[in-house]
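# after the sequence you'll find the predicted model.
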Amino acid sequence: MAKSEYKETEALDEEAAFEKDAIRQTYQNEDEISDEQKKIEAKVIRKVDYRLIPILGILYSVAGLDRVNLSNARVAGMNTDLRFDIGDRYSIALLVFFITYFLFELPTTLLLRPIGPRNLLNGLAISWGAVMVGMGFVNDWRLIVVCRMLIGVLEAGFLPCCMFLLSTWYMRFEIQKRMAGWYLINLFVSAFGNILAWAIVKLDGDHGIAGWRWIFIVEGAATIGIAFIGYFTVIGFPDTMLASGQRQGFTTRELEIVLDRIDRDRRDSQPDKLTWPKSFHHLGNFELWVYGFMFLTCSAPIYAFAYFIQIILSTIVTDRATVFLLCAPPYLFSIIWTVGCAWLADRTRLRMPWMVLNAGITLTGLLITAYSTNSGARYFGVFLGVSGCNANLPTIIAFQSNNVRSNSRRSVANGVQFVFAAIGGIYASTTFMQKEYPTYRTGVWCAVATQFLLIVLCVGMFLHFRKRNGKADVEGGVIQEEESFRYTY
């Protein structure tokens, strides 16, 4: 029953999309585009870059800052004031965030089109910013746990929604540079987030408020302020803007150019309606779950370093201010590598080799950090680990985006993939156990295992894609309802 409903809906969607394309689309192939038209398109895409990348990057960076500032507050005095030094209280506070994050990620992603990017993204940011401010006034560690659960609910769909929105504006082999540009803003803020926290702690005692509380209050208030700015700057989907007449600073021709480019690339500029039969059909595709496991392999070490880098560095230097300052260089270096990796991946039109390379860099860094007795070598291991796993985040997202066609499939794929981000956070927060401080050997080896898993998944998907593409070339098979669509490596 569900399968027949899916096919019927798919047929209606494709018929409607064909009619719209026949009216609007002028260019079908890249070879037919004149040099003059290419210059016009490049100008339009630069405009999209300026309008889309900075604000999404800033919004996500404050989300990342709010997500991990618990570790800064812990070092700054919360550990003693709220007795997070007892048992596994700190690990519990880390863990509960990812449980609600996991539960609400896919449902929130599916709300992006009905509610709209401007309303949903900024509404969520204002809400979790308010909760963050409230964390600065609690006096019981259990209330911190409750607030972390609420922030998990509110941040759950933010990352997949951003990725879904980005994918509707760009062609497949230009998406990773944009994702890297968006993500490097987050890395830059992460680099100085620890220094910012150290500066905020200097407010200790002002108005009778402890320094660690000021971290939550100041960063939460900043999130609310940025979200208000975002309400006036975040743009929607190009097809929705064109159909509704709300251009948001774009001309009709510019929006048509964006949609024409998407159709030349993968012929899915017109959104197909997401229905329950379609959702269940897409969820039955094992490829979407592989993309999810791939994302887990980078999210687990990312969260491990985010939550425990101060603890790792405190075993190298004893001064608290120096610990905060030493957190910045590894993230600054990771910006260079992430951008370079993205440029090379788009240039070569390959993702898998870079994913495997970054996995090797990450596991090497983890092992050096865990087992070296030399302080300089351990710090170098942090550089490697942070750079490898962070560079893989946009690479893995771009890999999924390149190999998923149609808006309905992409919305489900993004929801599934980023559910595994939450699982990666749970994995990291439970495997780095307080009783193993300061070496965290179990956590390190669990993180290393994820990198070996990524390599295995890359090999398996390479063989699968090659078989599917070969069959389509020889037998004329259709991949994801489009004859010209082929998987990319």
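Done, it's in.
# neighbours of residue 275, how many?
A count of nearby residues for residue 275, using other Cβ atoms under 10 Å, gives 17. From N, CA and C alone the C-beta is placed, and that goes for glycine too.
# can you give me the distance of it to residue 239?
18 Å (Cβ to Cβ, to the nearest Å).
# what do you get for residue 187?
31 Å.
# more neighbours: which of these two?
Set residue 187 next to residue 239 and count neighbours by other Cβ under 10 Å: residue 187 wins out with 27 against 18.
# list the buried ones in the helix or strand harbouring the more buried one?
Assigned by DSSP states H and E, residue 187 belongs to helix 175-201. If you call a residue buried by 16 or more other Cβ atoms under 10 Å, then helix 175-201 has these buried ones: 175-194, 196-198, 200-201.
# which elements pack onto that helix?
helix 35-73, helix 158-167, helix 211-233, helix 286-314, helix 320-326, helix 328-348, helix 375-402 (3 or more Cβ pairs under 8 Å, 6 or more residues apart in numbering; DSSP states H and E).
# and the angle from the second one to helix 35-73?
Okay, so that is helix 158-167. 170 degrees (axes from the mean of the first three to the mean of the last three Cα atoms, to 10 degrees).
# tell me what helix 158-167 is packed against?
helix 35-73, helix 89-110, helix 112-115, helix 117-135, helix 175-201, helix 375-402, helix 407-431.
# pLDDT averaged over that helix, what's the number?
Helix 158-167 shows a mean pLDDT of 86.
# for the last one, same thing?
Model confidence over helix 375-402 averages 92 on the pLDDT scale.
# repeat for the longest one
This predicted structure assigns helix 35-73 an average pLDDT of 87.
# now do the helix holding residue 187 against helix 375-402, angle only.
140 degrees.
# ok, the nearest residue to residue 206 once chain neighbours are set aside - contacts?
In this structure, residue 206 finds its nearest non-sequential neighbour in residue 214, 7.3 Å apart by Cβ to Cβ, 6 or more residues apart in numbering. Contacts for residue 214 (Cβ atoms under 8 Å, 6 or more residues apart in numbering) come out as 136, 200-201, 203-204, 206.
# what does residue 379 give?
Applying Cβ under 8 Å, 6+ apart, the residues contacting residue 379 are 313, 316, 326, 330.
# quick check, nearest of these to residue 349?
residue 330 (29.5 Å; Cβ to Cβ).
# what count of nearby residues applies to the closest one?
Neighbours around residue 330, by other Cβ under 10 Å: 25.
# kindly report the same for residue 224.
Close neighbours of residue 224, defined as other Cβ under 10 Å, add up to 18.
# i'd like the first residue to be 26 from this point on
Sure, I'll start numbering at 26, so the last one becomes residue 249.
# and the gap between it and residue 59?
Distance from residue 249 to residue 59, by Cβ to Cβ: 48 Å.
# out of the helices and strands packed on helix 200-226, which gets nearest to residue 168?
Relative to residue 168, the nearest member of those by Cβ to Cβ is helix 236-258, separated by 11.8 Å.
# relative to helix 200-226, how tilted is that closest one?
Using the same axes, to 10 degrees, helix 236-258 lies at 140 degrees relative to helix 200-226.
# got the angle between helix 236-258 and helix 142-160?
Using the same axes, to 10 degrees: helix 236-258 against helix 142-160 is 170 degrees.
# give the contact list for the residue positioned nearest the centre of the chain.
With distances taken as Cα atoms, centre = their mean, residue 184 lies nearest the centre of the chain, 4.7 Å away. Residues counted as contacts of residue 184 (Cβ under 8 Å, 6+ apart) are 85, 88, 443, 446.
# does residue 109 really touch residue 118, like I thought?
Yes: counting by Cβ atoms under 8 Å, residue 109 does reach residue 118; the two are 7.1 Å apart.
# shared neighbours of these two, which are they?
Residues within reach of residue 109 and of residue 118 at once, by Cβ under 8 Å, 6+ apart, are residue 166.
# what is the neighbour count of the residue lying closest to residue 514 once chain neighbours are set aside?
Nearest non-adjacent residue to residue 514, counting by Cβ to Cβ, 6+ apart: residue 377, 5.1 Å away. Using other Cβ under 10 Å, residue 377 has 20 other residues around it.
# need the contact list for residue 377.
So residue 377 contacts 424, 483, 486-487, 514 (Cβ under 8 Å, 6+ apart).
# what about 7 Å?
Applying Cβ atoms under 7 Å, 6 or more residues apart in numbering to residue 377 gives the contacts 483, 487, 514.
# now do the contacts for the first one.
Contact partners of residue 483, counting by Cβ under 7 Å, 6+ apart, are 377, 380-381.
# and if you look at the second one?
Taking Cβ under 7 Å, 6+ apart as the contact definition, residue 487 lies against 377, 514.
# I'd like to know how many residues surround residue 504.
When neighbours are counted by other Cβ under 10 Å, residue 504 comes out with 17.
# would you mind confirming that it is in contact with residue 492?
No: in this structure, residue 504 is not within contact of residue 492 by Cβ atoms under 7 Å, at 11.4 Å.
# do you know how far the nearest residue to residue 331 once chain neighbours are set aside is from residue 106?
Take residue 331 and drop its neighbours on the chain: the residue closest to it by Cβ to Cβ, 6+ apart is residue 93, 4.4 Å away. Counting by Cβ to Cβ, the gap from residue 93 to residue 106 is 19 Å.
# which of those two has more neighbours?
Taking other Cβ under 10 Å, residue 93 and residue 106 do not tie; residue 93 has more neighbours (21 against 14).
# do you know how far the nearest residue to residue 341 once chain neighbours are set aside is from residue 338?
In space, and not counting its chain neighbours, residue 341 is closest to residue 400: 4.6 Å by Cβ to Cβ, 6+ apart. Note on residue 400: its distance to residue 338, by Cβ to Cβ, is 10 Å.
# likewise residue 369?
30 Å.
# looking at these two, which is more packed in?
Using other Cβ under 10 Å, the more surrounded residue of residue 369 and residue 338 is residue 338, with 22 against 14.
# thought that one was touching residue 350?
No: checked against Cβ under 7 Å, the pair residue 338 and residue 350 is beyond contact range at 9.4 Å.
# quick one on the thing from earlier: and the residue nearest to residue 341, how far from residue 464?
With Cβ to Cβ as the criterion, residue 400 and residue 464 are 14 Å apart.
# where does pLDDT dip in the chain?
For the chain, the stretches with pLDDT under 70 are 26-56, 294, 459.
# residue 275 - that's part of a strand, no?
No: assessed with DSSP: H, G, I helix; E, B strand; the rest coil, residue 275 is coil; it does not lie in a strand.
# can you tell me the closest non-neighbouring residue to it?
Residue 275 sits nearest to residue 266 (Cβ to Cβ, 6+ apart), 6.6 Å away.
# spit out the contact partners of that neighbour.
272-273, 275, 280.
# backbone dihedrals for it, please?
phi -60, psi -40 (degrees, to the nearest 10).
# likewise for residue 342?
The phi/psi pair for residue 342 (degrees, to the nearest 10) is phi -130, psi 150.
# separation between the closest residue in space to it that isn't next to it in sequence and residue 336?
The shortest distance from residue 342 to any non-neighbouring residue, by Cβ to Cβ, 6+ apart, is to residue 348 (6.0 Å). For residue 348, the distance to residue 336 equals 9 Å [Cβ to Cβ].
# same deal with residue 165?
Residue 165 is 24 Å from residue 336, where distance means Cβ to Cβ.
# which one of those two has more residues nearby?
The neighbour comparison of residue 165 against residue 336 (other Cβ under 10 Å) goes to residue 336, with 17 against 10.
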